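Novice: I would like to see how this sequence folds:
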Amino acid sequence: MFTMEEVLSELSGGDINEQGLPPGFRFHPTDEELITFYLASKVFHGTFCGIDIAEVDLNRCEPWELPEAAKMGEREWYFFSLRDRKYPTGLRTNRATSAGYWKATGKDREVYSACNGALLGMKKTLVFYRGRAPKGIKTRWVMHEYRLDGDFSYRHSSREEWVICRIFHKLGDKKNSLLLQTQEEYGHGHENLE
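Specialist: The predicted structure follows:
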């Protein structure tokens with residue numbers, strides 16, 4: 001049995017999370033913050049401030065490998081990535097990996113400034129499918145891809161376009177949720193999760 005002083009001493013001995021924040025603080029930016037504070041800083045200044053977000057080639061990584069590539073995150077992970085063009089002279093994005101592909105769901109959503117209503121960027125939702133289209137098998141891996149648009153869009157005709165992505169594994173029923181929790185506790189990977 002611990003005394004209250006021992007418990008408080010242990011707690012104030014203070015674990016600091018990977019971002020240098022005390023326990024309880026999480027990196028969970030809004031869509032607007034991802035575009036204005038992180039992506040725009042990366043695109044226009046080549047840097048970003050405060051939080052270290054990894055750069056990843058999403059065509060060379062399977063979604064279950066991404067949590068290890070991330071510099072932070074427990075249930076969702078953030079990455080900068082250059083959009084890979086499917087064809088040298090086209091605008092279509094290559095979304096294939098060795099094991100499958102990311103498929104867009106629904107239409108792109110506009111992200112506006114809460115202050116002045118200006119269009120800042122676009123949010124695209126994608127789901128990962130194992131195998132090749134059109135016979136791919138849908139998994140529970142989801143990506144929200146943010147790109148600049150409107151007032152923040154690229155002012156030059158660059159072929160390189162940075163995006164920032166939020167990636168997570170959508171939990172299903174309680175059975176799958178418990179399986180995921182058990183695998184994480186015992187160090188098993190995410191590779192078999194669908």
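Novice: Bridged to the most centrally placed residue in the chain, which residues?
Specialist: Centroid check for the chain by Cα atoms, centre = their mean gives R166 as the closest residue, at 2.0 Å. Per DSSP bridges, the residues bridged to R166 are Y78, H144.
Novice: how close does it sit to D31?
Specialist: As judged by Cβ to Cβ, to the nearest Å, R166 and D31 stand 9 Å apart. For the C-beta atoms, the positions are set from N, CA and C on the backbone; glycine is no exception.
Novice: and what of P23?
Specialist: P23 is 26 Å from D31, where distance means Cβ to Cβ.
Novice: circling back to that earlier point, hey, what's in contact with both of R166 and D31?
Specialist: 144, 146 (Cβ atoms under 8 Å, 6 or more residues apart in numbering).
Novice: now the helices for the chain?
Specialist: 4-12, 31-33, 40-45, 66-69, 174-185 (DSSP state H).
Novice: Comparing those, which yields the minimum mean pLDDT?
Specialist: If you rank the helices of the chain by mean pLDDT, helix 174-185 sits at the bottom with a mean of 51.
Novice: Of P23 and D31, which one has the most company?
Specialist: Between P23 and D31, counted using other Cβ atoms under 10 Å, the more crowded position is D31 (18 against 10).
Novice: Thought E145 was touching the more buried one, still the case?
Specialist: No - using Cβ atoms under 8 Å, D31 is not in contact with E145; the gap is 11.3 Å.
Novice: Give me the common contacts of the two.
Specialist: Common neighbours of D31 and E145, using Cβ under 8 Å, 6+ apart, are K123.
Novice: State the number of residues packed around the residue nearest to Y112 when sequence neighbours are not counted.
Specialist: Residue nearest to Y112 in three dimensions, not counting chain neighbours: L119, with 5.9 Å by Cβ to Cβ, 6 or more residues apart in numbering. By other Cβ under 10 Å, the residues close to L119 number 15.
Novice: again with Y38
Specialist: Y38: 20 neighbours (other Cβ under 10 Å).
Novice: what do you get for D52?
Specialist: 11.
Novice: That one and M72, how far apart?
Specialist: D52 is 7 Å from M72, by Cβ to Cβ.
Novice: picking up where we left off before, so the residue nearest to Y112 touches R147, yeah?
Specialist: No - L119 is not in contact with R147 according to Cβ under 8 Å; the separation is 11.8 Å.
Novice: Quickly list what's touching both of the two.
Specialist: Counting by Cβ under 8 Å, 6+ apart, nothing touches both L119 and R147.
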